[in-house]
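>>> Everything below, folded, please.
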Amino acid sequence: MGFSTACDICGCGVGNYYLGLLPQFNRNFVGLRYRYMSFDSHLGVGTDDRFRTTETFRTAELWGRFYPYKKLQILAFVPYSFNEQTESATTRYLNGLGDMSVLVNYNLLNTTTDTVPRLWNHVLWLGGGAKLPTGRFAYNENDAQQVANPNFQLGTGSTDFVLNAIYTVRYKNVGINTDIAAKINTTNSEDYLFGHRVSGNILAFYAKSFPNYWTIMPHTGFYAEYSNKNTHHGLVIPETGGVLCAGVLGVEVQHRWLSVGANFQQPLAQNLSEGHVKAQSRLMLQCSILF
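Numbering: from 1, shown residues only. So this is what the prediction gives:
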């Protein structure tokens with residue numbers, strides 16, 4: 001039996017913790033962001049389209065940042081996914097609530113609050129959180145009526161944990177933002193374990209201010225992610241896991257209480273699912289209310 005596969009490393013139904021440039025770091029916000037990504041897989045031989053699969057993941061995500069205390073921030077994510085899988089002449093759809101997640105970060109360093117003005121400023125956040133199994137996971141490789149693909153799901157069916165760090169250095173209007181996250185997964189009720197993942201990015205940005213409180217912040221850089229292989233019933237699944245590196249280009253526009261932005265990622269190098277999966281370009285749009 002031929003089967004299709006996509007990589008869990010790319011955020012397929014397992015939660016995507018890409019943050020990029022967040023709106024003004026010292027303010028609360030709540031907003032909506034839209035994420036688009038797609039993958040092609042081909043497990044057949046030559047150009048036999050019977051084994052060619054295209055999977056598209058569209059996610060509308062409610063997200064927010066809150067400061068219960070000055071040095072403590074909470075980031076929350078509530079995704080709703082619209083998944084589409086096309087194999088030969090068959091197209092399957094899977095829509096619904098995804099896995100919600102919460103991160104809590106502590107501010108270890110922040111020179112922008114110093115009483116003496118600085119040309120160079122540094123901000124460092126360290127923390128972590130959890131991803132909850134609120135999205136449906138129904139994987140049955142022997143059921144032809146379902147999508148026999150653990151990655152083409154609304155959730156992982158497991159409670160997973162995240163450790164992350166966010167560091168920003170800025171000189172006047174120019175700066176570099178970096179973040180890294182390690183996702184530690186647990187085995188779900190169907191004895192399926194998604195591989196642990198490490199991801200991160202480095203972005204160079206320029207902030208240009210205009211009259212009437214307008215600020216435009218273009219940015220560019222790189223994003224990378226690596227994932228271990230998945231296991232099922234304790235057995236390693238060969239066509240999973242891998243590595244990807246992408247170039248990033250985006251822009252953020254802020255005006256008083258409003259922030260909007262766009263982020264485009266183009267894969268530059270990848271080896272996903274032992275070469276059986278190819279990630280295509282990604283897009284993320286966001287609109288947030290600051291308060």
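>>> what's in contact with the helix or strand harbouring residue 260?
Taking DSSP states H and E as the criterion, residue 260 maps to strand 258-272. Strand 258-272 is contacted from outside by 7, 9-10, 20-21, 23-24, 29, 31, 39, 222-223, 241-253, 278-290, using C-beta atoms under 8 Å, 6 or more residues apart in numbering. Backbone N, C-alpha and C define where each C-beta goes, glycine included.
>>> how about a cut-off of 7 Å?
7, 9-10, 20, 23, 29, 223, 242-253, 279, 281-290 (C-beta atoms under 7 Å, 6 or more residues apart in numbering).
>>> Go through the helix or strand following it and flag the buried ones.
For strand 258-272, the following helix or strand on the C-terminal side (DSSP H and E) is strand 277-279. Across strand 277-279, burial judged by 16 or more other C-beta atoms under 10 Å covers 277-279.
>>> contact partners of the helix or strand that strand 277-279 is followed by?
Per DSSP H and E, the first helix or strand lying C-terminal to strand 277-279 is strand 282-290. When contacts are defined by C-beta under 7 Å, 6+ apart, strand 282-290 is touched by residues 23-24, 27, 29-37, 257-265.
>>> need the helices for the stretch 51-200 of the chain, in chain order.
Remark: no helices are assigned in the stretch 51-200 of the chain by DSSP state H, counting those that start in this stretch.
>>> per-residue pLDDT, residue 1?
As predicted, residue 1 sits at a pLDDT of 32.
>>> try residue 52
Residue 52 is given a pLDDT of 77.
>>> where does this protein dip in pLDDT?
Where the chain drops to pLDDT under 70, the residues are 1-17, 42-51, 115, 140-148.
>>> now the farthest one out in it, which residue is it?
Outermost residue of the chain with respect to the C-alpha centroid, by C-alpha atoms, centre = their mean, is residue 116; its distance is 37.0 Å.
>>> And it, how far from residue 235?
For residue 116, the distance to residue 235 (C-beta to C-beta, to the nearest Å) stands at 60 Å.
>>> Strands along the stretch 1-150 of the chain, start to end?
Shown for the stretch 1-150 of the chain, the strands assigned by DSSP state E, counting those that start in this stretch span residues 29-42, 52-69, 72-87, 90-97, 101-110, 120-131.
>>> Which one of these lies nearest to residue 139?
strand 90-97 (11.8 Å; C-beta to C-beta).
>>> which residues are in contact with that closest one?
80-85, 134-136, 147, 152, 154.
>>> List the strands paired with it, with their directions.
strand 72-87 (antiparallel) (DSSP bridges).
>>> what's in contact with the strand it pairs with?
For strand 72-87, with C-beta under 7 Å, 6+ apart as the criterion, the contacting residues are 4, 53-68, 91-98, 100-106, 125, 147, 152, 154.
>>> Report the contact partners of the closest residue to residue 164 other than its chain neighbours.
Computed as C-beta to C-beta, 6 or more residues apart in numbering, the closest residue to residue 164 that is not its neighbour in sequence is residue 181, at 4.1 Å. Residue 181 makes contacts with 17, 162-164, 199-200, as judged by C-beta under 7 Å, 6+ apart.
>>> Recalculate using a threshold of 8 Å.
Residue 181 makes contact with 17, 162-164, 198-200 under the criterion C-beta under 8 Å, 6+ apart.
>>> Just put the contacts of strand 90-97 in TSV and tack on distance to residue 191 and neighbour count.
Listed next are those as TSV, based on distance: C-beta to C-beta, whole Å; neighbours: other C-beta atoms under 10 Å:
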residue	distance to residue 191	neighbour count
80	27	15
81	24	22
82	28	14
83	23	23
84	28	16
85	23	21
134	20	15
135	18	22
136	17	15
147	19	21
152	19	23
154	19	21
